[in-house]
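> Need a 3D model of the sequence below.
(one chain, ligands or ions: 1)
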Amino acid sequence: MQIPALRTKRLRNAGIRINPRVPRKPASALCDKLSEYLDDQAIEEVYHAYLFGAEAHQGQRRVSGEPYINHPIAVAEILSELRLDSRSIIAAILHDVIEDTEIPAETVAREFGDEVAELVDGVSKISQIEFDSKEHAEAENLRKMLLAMSRDIRVILIKLADRMHNMRTLDALPAAKQRTIAKQTLDIYAPIANRLGLHQWSRELQDLSFHHIYPNRYRAIAKALKKRAGNRKAVVKKLRVSIERELRESGLDAKVLGRKKSVYSIYKKMSRKHRSFDELHDIYGFRIIMNSVDDCYRALGIIHNLYKPIPGRFTDYIAIPKANGYQSLHTVVFGAFGESLEVQIRTEDMNRIAEAGVAAHWIYKSGPESGATPPQLARQWLLDLLDTQQQTGNPSEFLEHLKIDLFPDEVYVFTPKGDIKKLPRGATALDFAYAVHTDIGNRCAGARINHELVSLPTVLNNGDHVEIISSDTAHPTATWLNYAVTGKARATIRNYLKSQQRYEAVNLGKRLLDRAIKTRRFGRKKLTDDQRRMLLDALGVDNWDDLLSDIGSGIRMADMVAKQLLPPPTNKDKTVTDDNDQPLAIHGSEGMLIHYARCCNPIPGDTIVGFFTTGRGIVIHTTDCPNAKGYRKQPDKWVPVEWAAEVTGHFPVNLRVEVHNKRGVLARIATVIAEQESNINNVNVDERDGKFPAIRFIVEVADRIHLAQILRQIRTEPSVIKVTRAKG
Ligand code: MN
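Numbers count the residues shown, from 1 in each chain. Purely as a prediction, here's the structure:
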């Protein structure tokens, strides 16, 4: 393979300083490997990525002291074993560029295209996640989170190759760090590799991890394995030769490969079965690669003729492939040296899929496919592996567009303690609060996502660190139902609102009934139990609180209930009662059963009236509101109200400000309003309203005095012509 000439112009355009001393050697081995399956143009692009990466990492070194660029090149070489496409290879070469150098993602995108940039970005995102090795259940969620974050499987493949090279060069790090990384690899990355069908990678990652976590145990087993291999070497070789000869004599062309178990898998087997190494059998096996499916079955017959098969250990995965598309014949026979021997028989194509796993489906054109796994099987396999029930889209998309959402319905986020919560896609900070605990949800005032303050409706993304800010004064409101998507959060909020509404209805009902009784001159004495029972019987209500709640929520009129206690009033009585009507005091903190009409926006200090709306409670209007006049025709529906001496809350009020068309006036008025410690809820500029432009504000005030102050201050603005409180 000829190394392409330095394309200095292209590099300069990319803002890369040209260093003529960039050694070409590290890339040449890679380019040689790639030339087995990529065309010259693709390799030239890869070489360009190498120059780009070498420049970007210029001066950086690995802990071992070698130039940093050697690492990404090694990662690319590992990926070339899977025969991945040139974009994956380029992304592998650049995988640490965004994270560890000054080069922005846009430059990578401009220079190598969006696809490469997205792959690099995906790998960087995974690298940014800081996680400790967790207990088993957590590890499972963490694996899913990683998979969910890398919407393109190639991101995971690059990350796995990255981890593979880091594991192979782990010795350079301090011992404690070695153990941490090894444990993480064993818990997270090896299982992911296994899941993706990359069994070879998974085995190597396991062995490397095991080696660094338990160096002594590793050495002992490896030594025993080597010793036994030495003892058996001659026998195994004889066995292989005789199998090969038998097959050849039957006119079959076969490749016979010896197999031995990994150190880690032997360790697992020993600890699982409580056996010593000497007590373990089937450590050896053979894999036989045939030219055709027919030949596989013929070879099986010959093997069974040579060695006695163990009953019940034969499986035909060719006729019935595994869900992942894996095909092979498996049998276990009694070997010549008294050990059982596992034999796998398959074609070259089947072997490739078994070795490369999910990557087999991306392998660069590699000759005629004979019975290769159909794409839908591959997709189905992934979905099954990942325990995902839902299948979306057209199955062939799997191959056509490499992007798939592995968990379209889920999002994985971190709690402040580093635990992982799984939530449905679209879940918000509020949902998270309820997922942590009902009490946290009910007292949730805000949230921080990745240390930034956010509002409760903020939608969560994979990998977010979420922290809830709770407050004793915070409580669920009806609008929360718009922010929550999880069933748990919504049900809890609804329950809370229901009991809160009931509580408020009972309180309001009590006040209304007290007022009605007082008005009817029943006296100030409390009702006796007998009187209450009589009342409940007469009205057919089960208990006292139910009755009060009915009154409070406008289902029953307090006056009608009070009437049951007394003879019907005479006309004279009626007049008297009207004069003595005790208004209901409005405190501003009543909750859900007192509403303020939007037509007139009453504020403390205004004279007001209240109107019953069945099921909703009382709506407060100003007495001069046109809508209030309409309601007056239904006297039984209105209730006298007045502001209590102490009113709490912020009340919206409409302001209309006419101004000279002067620039900056809006900002100045807004400042004046803010200086009066009032919030602006809404601003509207109406150019066609009257001679002069009018600005409409909705501001929040405490009462009429506060409003008067604001109006006075606005009037001092020279550009203001007129300011009024607007109603309706
Ligand atoms: Mn790396």
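> List the contacts of the residue nearest the centre of the chain.
Centroid check for the chain by C-alpha atoms, centre = their mean gives Val411 as the closest residue, at 2.3 Å. Val411 sits next to Ala148, Lys422, Leu423, Pro424, Arg425, Gly426, Ala427, Leu460, Asn461, Asn462 when contact means C-beta atoms under 8 Å, 6 or more residues apart in numbering. Using the backbone N, CA and C atoms, a C-beta is placed for each residue, glycine as well.
> try it again with 6 Å
Val411 makes contact with Leu423, Arg425, Leu460, Asn462, according to C-beta atoms under 6 Å, 6 or more residues apart in numbering.
> just Thr492 next, same as before
Tyr434, Thr438.
> Surely it is in a strand?
No: going by DSSP: H, G, I helix; E, B strand; the rest coil, the assignment for Thr492 is helix, not a strand.
> Sticking with the closest residue to the ion within the chain, tell me its helix or strand.
Of all residues in the chain, Asp162 sits closest to the ion, at 4.2 Å by C-beta to the ion. In the assignment (DSSP states H and E), Asp162 maps to helix 153-168.
> one step back: does the residue of the chain closest to the ion really touch Ala76, like I thought?
No: taking contacts as C-beta atoms under 6 Å, Asp162 lies outside contact range of Ala76: 10.1 Å.
> Drop anything exposed from the contacts of Val411.
Among those, those classed as buried by neighbour count (16 or more other C-beta atoms under 10 Å) are Leu423, Arg425, Leu460, Asn462.
> Would you mind giving the residues you listed as JSON lines with secondary structure, distance to Leu593 and pLDDT added?
What follows is the buried ones among the contacts of Val411, written out as JSON lines (DSSP: H, G, I helix; E, B strand; the rest coil; distance: C-beta to C-beta, whole Å; pLDDT from 0 to 100):
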{"residue": "Leu423", "secondary structure": "strand", "distance to Leu593": "34", "pLDDT": "89"}
{"residue": "Arg425", "secondary structure": "coil", "distance to Leu593": "37", "pLDDT": "84"}
{"residue": "Leu460", "secondary structure": "coil", "distance to Leu593": "34", "pLDDT": "93"}
{"residue": "Asn462", "secondary structure": "coil", "distance to Leu593": "42", "pLDDT": "81"}
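> closest to Glu677 among those residues?
The nearest member of the buried ones among the contacts of Val411 to Glu677, counting by C-beta to C-beta, is Leu460 at 34.5 Å.
> Surely that closest one is in contact with Val413?
Yes: applying C-beta under 6 Å, one finds Leu460 in contact with Val413, separated by 5.2 Å.
> tell me the SS of the nearest residue to Val672 once chain neighbours are set aside?
Of all residues not flanking Val672 in the chain, Gln713 sits nearest, at 4.9 Å (C-beta to C-beta, 6 or more residues apart in numbering). Gln713 carries the three-state label helix when classified by three-state DSSP.
> burial of Gln713, as a residue count?
Neighbour count for Gln713, taken as other C-beta atoms under 10 Å: 16.
> from what I can see, the residue nearest to the centre of the chain looks like it's in a helix, true?
No: going by three-state DSSP, the assignment for Val411 is strand, not a helix.
> Dig out what it forms beta bridges with.
Beta-bridge partners for Val411, by DSSP bridges, are Leu423.
> ok, now how distant is it from Asp39?
40 Å (C-beta to C-beta, to the nearest Å).
> circling back to that earlier point, reformat the contacts of Val411 as JSON lines; add distance to the ion.
Below are the contacts of Val411 laid out as JSON lines (distance: C-beta to the ion, whole Å):
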{"residue": "Leu423", "distance to the ion": "30"}
{"residue": "Arg425", "distance to the ion": "29"}
{"residue": "Leu460", "distance to the ion": "28"}
{"residue": "Asn462", "distance to the ion": "21"}
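> Most widely separated two among the residues you listed?
The distance between the two most remote of the contacts of Val411 (C-beta to C-beta) is 10.2 Å, for Leu423 and Asn462.
> Name the nearest residue to Cys444, ignoring sequence neighbours.
Cys444 sits nearest to Ala433 (C-beta to C-beta, 6+ apart), 4.1 Å away.
> Ala435 too?
Excluding its sequence neighbours, the residue lying closest to Ala435 (C-beta to C-beta, 6+ apart) is Lys421, at 5.3 Å.
> my guess is the one you found meets Tyr434, correct?
No: checked against C-beta under 6 Å, the pair Lys421 and Tyr434 is beyond contact range at 10.6 Å.
> Looking only at neighbour counts, state which of the two leads.
Taking other C-beta under 10 Å, Lys421 and Tyr434 do not tie; Tyr434 has more neighbours (28 against 17).
> Who are the contact partners of the more buried one?
Counting by C-beta under 6 Å, 6+ apart, Tyr434 touches Gly441, Lys488, Ala489, Thr492.
> run the last query once more with 10 Å
By C-beta atoms under 10 Å, 6 or more residues apart in numbering, the residues touching Tyr434 are 423, 427-428, 440-442, 444, 468, 476, 480, 484, 486-493.
> What about Cys31, how many residues nearby?
Other residues close to Cys31 by other C-beta under 10 Å number 21.
> Now do the SS call for it.
Here Cys31 is helix, with the state taken from three-state DSSP.
> I'd say it and Glu44 touch.
Yes: look at Cys31 against Glu44 with C-beta atoms under 10 Å: they come within range, at 9.0 Å.
> So which other helices or strands are in contact with the lengthiest helix in the chain?
For the chain, the helix with the greatest residue count under DSSP state H is helix 215-249. For helix 215-249, the packing partners by 3 or more C-beta pairs under 10 Å, 6 or more residues apart in numbering; DSSP states H and E come out as helix 175-184, helix 199-213, strand 254-260, helix 263-273, strand 284-290, helix 293-306, strand 340-347.
> Could you tell me how far the helix or strand hosting His706 lies from the centre of the chain?
Here His706, judged by DSSP H and E, is contained in helix 704-715. The chain centre lies 48 Å from the centre of helix 704-715; the measure is C-alpha atoms, centre = their mean, to the nearest Å.
> Repeat that for stretch 642-649.
With C-alpha atoms, centre = their mean as the basis, stretch 642-649 stands 45 Å off its chain's centre.
> in it, what counts as buried?
Across stretch 642-649, burial judged by 16+ other C-beta under 10 Å covers Trp643, Val647.
> how about that stretch as CSV, C-alpha atoms only?
Extracted in CSV, the C-alpha atoms of stretch 642-649 (Å, rounded to 0.1, in the frame of the first residue of the first chain):
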residue,chain,number,x,y,z
GLU,A,642,-65.0,41.2,51.3
TRP,A,643,-61.3,41.3,51.6
ALA,A,644,-59.9,40.2,54.9
ALA,A,645,-57.8,42.6,57.0
GLU,A,646,-54.7,40.6,56.0
VAL,A,647,-54.6,39.4,52.4
THR,A,648,-51.7,37.4,51.0
GLY,A,649,-50.7,36.8,47.5
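> Report the mean confidence score over that stretch.
Averaging pLDDT along stretch 642-649 yields 87.
> before we move on, what about stretch 717-728?
Mean predicted confidence for stretch 717-728 is 85.
> Only the buried residues of that stretch, if you could.
For stretch 717-728, by 16+ other C-beta under 10 Å, it's Glu717, Ser719, Val720, Val723, Arg725, Ala726, Lys727.
> could I get those residues as JSON lines with secondary structure and distance to the ion?
Formatted as JSON lines, these follow (DSSP: H, G, I helix; E, B strand; the rest coil; distance: C-beta to the ion, whole Å):
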{"residue": "Glu717", "secondary structure": "coil", "distance to the ion": "61"}
{"residue": "Ser719", "secondary structure": "coil", "distance to the ion": "61"}
{"residue": "Val720", "secondary structure": "strand", "distance to the ion": "63"}
{"residue": "Val723", "secondary structure": "strand", "distance to the ion": "64"}
{"residue": "Arg725", "secondary structure": "strand", "distance to the ion": "65"}
{"residue": "Ala726", "secondary structure": "strand", "distance to the ion": "64"}
{"residue": "Lys727", "secondary structure": "coil", "distance to the ion": "67"}
